[in-house]
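J.: Give me coordinates for this.
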Amino acid sequence: MASELRVNTLKDASGNNSVGMSTVAEGSAKSWYCLQGSDTFAVRDSFNTASATDNGEGDYTTVRTNAFSNDDYATAALCSSTAGSSAHYNFTVENQDNRLRSTTSLRTYILNSQSGEGANDALDSSVVFFGDLA
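T.: Residues are numbered from 1 along each chain as shown. Coordinates of the predicted model:
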């Protein structure tokens, strides 16, 4: 038998600092993923991510299981740096010229801080999504 918890307000143990349920729902991540980009491409773990495609070196498209209400959702990204004798930092970006995002998908690129900021497969890449689901 499944249990269900319904509340309107969350409070601390003393009954202070009430937080409305809409604040909790709006401030929660609606989707996230962690990809393994080098060696063998794989989705390491995810939430509300239906699929991920490796479009080429440092170029990925991910698709949400449940759509956002619009394509103005917020994202935050992190990826690993490149190791070795000439270690450098990678960073995740979205195509600025033709924004390749929709309510269900986002295409991102991992670029390195050397070599003219060319595409690079990082060992790990993670993106989290915040916004309203449809």
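
J.: is it true that residue 25 lies in a strand?
T.: No. Using DSSP: H, G, I helix; E, B strand; the rest coil, the secondary structure at residue 25 is helix, not a strand.

J.: Name all residues that make contact with residue 45.
T.: 33, 34 (Cβ atoms under 8 Å, 6 or more residues apart in numbering). C-beta: built from backbone N, CA, C; applies to glycine.

J.: which residues of this protein fall in helices?
T.: Ranges of helices in the chain, per DSSP state H, are 21-27.

J.: Give me the residue ranges of it where confidence is low.
T.: Low-confidence segments of the chain (pLDDT under 70): 12, 17-24, 82-88, 96-98, 115-116.

J.: give the contact list for the residue nearest to the spatial centre of it.
T.: For the chain, the residue nearest the mean C-alpha position is residue 127 (2.2 Å; Cα atoms, centre = their mean). By Cβ under 8 Å, 6+ apart, the contact list for residue 127 reads 32, 33, 62, 75, 76, 77, 92, 106, 108.

J.: mind running it again at 6 Å?
T.: Each residue near residue 127 by Cβ atoms under 6 Å, 6 or more residues apart in numbering is listed here: 75, 77.

J.: before we move on, what about the one 4 residues further on?
T.: With contact set as Cβ under 6 Å, 6+ apart, residue 131 has these partners: 30, 68, 73.

J.: Please identify the buried residues of stretch 123-134?
T.: Within stretch 123-134, the residues scored as buried using 16 or more other Cβ atoms under 10 Å are 125, 126, 127, 128, 129, 130, 131.

J.: What distance do you get for the residue nearest to the centre of the chain to residue 89?
T.: 17 Å (Cβ to Cβ, to the nearest Å).

J.: likewise residue 38?
T.: 15 Å.

J.: and those two? which has more neighbours close in?
T.: The neighbour comparison of residue 38 against residue 89 (other Cβ atoms under 10 Å) goes to residue 38, with 17 against 14.

J.: Would you check that that one makes contact with residue 121?
T.: Yes. In this structure, residue 38 is within contact of residue 121 by Cβ atoms under 6 Å, at 4.4 Å.
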